[in-house]
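Engineer: Sequence plus predicted model, see below.
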Amino acid sequence: MRERGLVPYRGRVLCRLVLSLALLAALAAVAPDQEVGTTTAAPTSTTSTTSADNPLAGRAWGVYRGAAELVWEPYERATGQRKTLLAKIALQPKSKWFGDWISDDTIADKVRDYVATATGGDPEVLVPMTVFRVMPWEQEACTRLPTRAEKASYRRWINRFASALGETHTLMVLQPDGPFARCAPRGSKVPSQLVAWAARTFAALPNTHVYLDAGAADWLHVDDAVQLLVDLGVEHVRGFALNTTHYDATSSQVSYGAEVVAGLAARGLPGKHFVVDTTQNGRPFTHAQWAADPRGRPFDDAATCRTPAGLRCVTLGIPPTADVGSPAWGLPARVRALAAEHVDGFVWTGRPWLHQQSHPFDLARALAVARTTPYQ
């Protein structure tokens, strides 16, 4: 199976540098915005620190308990302190990735099974999901366009996925590492057009809230992110997602995302909201900071923290929640206000407990990020 990350990382890093060289140079000397958390749970109900029209608030977020989530079986087998640590991951509502490793013929059944397990049969439960289906993608997307057969398969797969979702309350992050749509050969818009078509398809469902992946604050300039989102069809959906495969600070993402919201409004698309991935940024660092000191590791497999006091290392961040403006997360007051206005949720879409955020499960990484997180 080919999941995201099972590709040579040198090419992937090169593409990132080509797409954002100017921004990375500017950020190279910037210190990370450290945030300190002290919470033990992830509130998901509507409070005074959430937007009044937030579709992710006011309902439980589903936790999938089954083999399709690679951390679940290791958690079930574990005992003692190891089980306690793995529970910090396994018992959180995570956004499972669905991609081309699931065939056109089986995707509908996989979605239905996942929804049934994550909701426990309760139709009011919200199911976080990630769709990562455009092929080719990442550095391969910079060298060739999808074939006719690949485009047909994509549409077939998306239609069957949407049909299986039906009326499910869904938080959907669509196409992680979205900026790779910008490197298509000869400036082609084909990858963007495929994502935009999927965005319209999913947004037509009654209870599916779509957030298009726009990279991260340490990737694209605001204007570039705005144009990307326009190309990806943001006009049809709730908004966008940030930091899915990066480790940058939540406060940076919130401030940056608010600028993107303003940029979209200036383009005639007001009122957009966003979600921020906080899975792996408990001790945040930018891509430029990693590039200056990679410690011999791929970006997707950046070094985990050794102690809770570690700096610029990978560990779990703010737990998944719609209560984004809570003082419990240790964010500055200005950032909390921006979050309450523009952010629908802090979500767990990244997977730092997997090898290169992809496959297979890495017990050592899982235990390290659970043991050192400042938030649980």
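Structural biologist: Ah, there it is. Numbering: from 1, shown residues only.
Engineer: Just give me the neighbour total for the closest residue in space to residue 336 that isn't next to it in sequence.
Structural biologist: In space, and not counting its chain neighbours, residue 336 is closest to residue 325: 4.6 Å by C-beta to C-beta, 6 or more residues apart in numbering. For every residue, glycine as well, the C-beta is placed using N, CA and C. Under the neighbour criterion other C-beta atoms under 10 Å, residue 325 is assigned a count of 23.
Engineer: Equivalent analysis for residue 193, please.
Structural biologist: By other C-beta under 10 Å, the residues close to residue 193 number 15.
Engineer: In a helix, it, correct?
Structural biologist: Yes - judged by DSSP: H, G, I helix; E, B strand; the rest coil, residue 193 forms part of a helix.
Engineer: tell me the contacts of it?
Structural biologist: Contacts for residue 193 (C-beta atoms under 8 Å, 6 or more residues apart in numbering) come out as none.
Engineer: where do the strands sit along the stretch 51-200 of the chain?
Structural biologist: 96-99, 126-132, 169-174 (DSSP state E, counting those that start in this stretch).
Engineer: Format the ones you listed as a markdown table; extra columns: distance to residue 193 and mean neighbour count.
Structural biologist: Formatted as a markdown table, the strands of the stretch 51-200 of the chain follow (distance: least, C-beta to C-beta, whole Å; neighbours: other C-beta atoms under 10 Å):
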| stretch | distance to residue 193 | mean neighbour count |
| --- | --- | --- |
| strand 96-99 | 19 | 21 |
| strand 126-132 | 16 | 25 |
| strand 169-174 | 14 | 25 |
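Engineer: need these in TSV with distance to residue 228 and mean pLDDT, can you?
Structural biologist: Listed next are the strands of the stretch 51-200 of the chain as TSV, based on distance: least, C-beta to C-beta, whole Å; pLDDT from 0 to 100:
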stretch	distance to residue 228	mean pLDDT
strand 96-99	20	97
strand 126-132	16	98
strand 169-174	13	98
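Engineer: And those strands: which comes nearest residue 112?
Structural biologist: Among the strands of the stretch 51-200 of the chain, the nearest to residue 112 by C-beta to C-beta is strand 126-132 (11.2 Å).
Engineer: That closest one vs strand 169-174, what angle?
Structural biologist: Calculated by axes from the mean of the first three to the mean of the last three C-alpha atoms, to 10 degrees, strand 126-132 forms an angle of 20 degrees with strand 169-174.
Engineer: what's in contact with strand 126-132?
Structural biologist: Residues from elsewhere that reach strand 126-132 (C-beta under 8 Å, 6+ apart): 4, 44, 56, 59-62, 93-99, 114-115, 118-119, 158, 161, 168-176, 198, 202, 244, 320, 347-349.
Engineer: Then stretch 71-79?
Structural biologist: The contact list for stretch 71-79, computed with C-beta under 8 Å, 6+ apart, reads 64-67, 83, 86-87, 89-91, 353, 361, 363, 366.
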